[in-house]
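Enquirer: My questions are about this predicted structure, shown below with the sequence.
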Amino acid sequence: DVKVTQSSRYLVKRTGEKVFLECVQDMDHENMFWYRQDPGLGLRLIYFSYDVKMKEKGDIPEGYSVSREKKERFSLILESASTNQTSMYLCASSLSDTDTQYFGPGTRLTVL
Amino acid sequence: SQQGEEDPQALSIQEGENATMNCSYKTSINNLQWYRQNSGRGLVHLILIRSNEREKHSGRLRVTLDTSKKSSSLLITASRAADTASYFCAVQNTGGFKTIFGAGTRLFVKA
């Protein structure tokens, strides 16, 4: 079974802090994704990566950056956290472009 | 505007009844997927249906795809309280890389 893990289930940070969310997958998947989920808005894609050191902006990349130094790990970085970044963050991976995405359990981030 | 829009937004049924959720989209697709999310958790993949398929089954789940109407439906038969969750459709457009998720249908199954 594919396993996607995220570093924290719950996180509370202060405005202006730099925040790192880590995601690790154990199935040698090429593609990895970061989404945020807000009530009534569904999942919105922040960034995705189709290979090591490769990244592409999703629909809402502003205020975020990513890092993929190793195939199994995809990090989401909030350079200076703001209250409007309070959300549920979901990481996913997939083997190929047209394949199922496997999701981690999510990190619920609160920015005070 | 958003692809993969689910209908209804919320659905409440009795255990044993069938639940039907619909999804509409706007452009040509490679595939359409249905996911389930229990409260506060990550999404779990249920079924993937490709653009050249019309129907797929998995246990108590039945998914149909009508590309002429740009719509899909998810049917859960003989629902159980444990089916209470949010259900999302997600479409992958042709020529695109991204999979776009809808806002979901919240299903409540009363015991």
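Expert: Here it is on my side, so go on.

Enquirer: So what sits opposite residue B:87 in the bridge?
Expert: Taking DSSP bridges as the rule, residue B:87 bridges to residue B:36, residue B:105.

Enquirer: Count the neighbours of it for me.
Expert: 24 (other C-beta atoms under 10 Å in any protein chain shown). C-beta coordinates here come from the backbone N, C-alpha and C atoms, glycine included.

Enquirer: and it, what does it touch?
Expert: B:6, B:21, B:34-37, B:46, B:74, B:104-105, B:107 (C-beta atoms under 8 Å, 6 or more residues apart in numbering or on different chains).

Enquirer: So which residues on chain B come close to chain A?
Expert: By the rule C-beta under 8 Å from any C-beta of the partner chain, the part of chain B lying against chain A is B:2, B:4, B:30-31, B:33, B:35, B:40-45, B:48, B:88, B:90, B:92, B:97-104.

Enquirer: Which of these are buried, as a ChimeraX select command?
Expert: Selection of buried members from the residues of chain B next to chain A for ChimeraX, criterion 16 or more other C-beta atoms under 10 Å in any protein chain shown:
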select /B:4,30,31,33,35,41,42,43,45,48,88,90,92,98,99,100,101,102,103,104
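
Enquirer: Which of the residues of chain B next to chain A fall within strands?
Expert: Mapping these onto strands (DSSP state E) picks out B:30-31, B:33, B:35, B:43-45, B:48, B:88, B:90, B:92, B:99-101.

Enquirer: so how far is residue A:30 from residue A:54?
Expert: 10 Å (C-beta to C-beta, to the nearest Å).

Enquirer: With residue B:49 instead?
Expert: Counting by C-beta to C-beta - residue B:49 and residue A:30 are separated by 22 Å.

Enquirer: Comparing those two, which residue is more hemmed in?
Expert: residue B:49 (20 against 16).

Enquirer: isn't the more buried one right up against residue B:23?
Expert: No. Using C-beta atoms under 8 Å, residue B:49 is not in contact with residue B:23; the gap is 10.6 Å.
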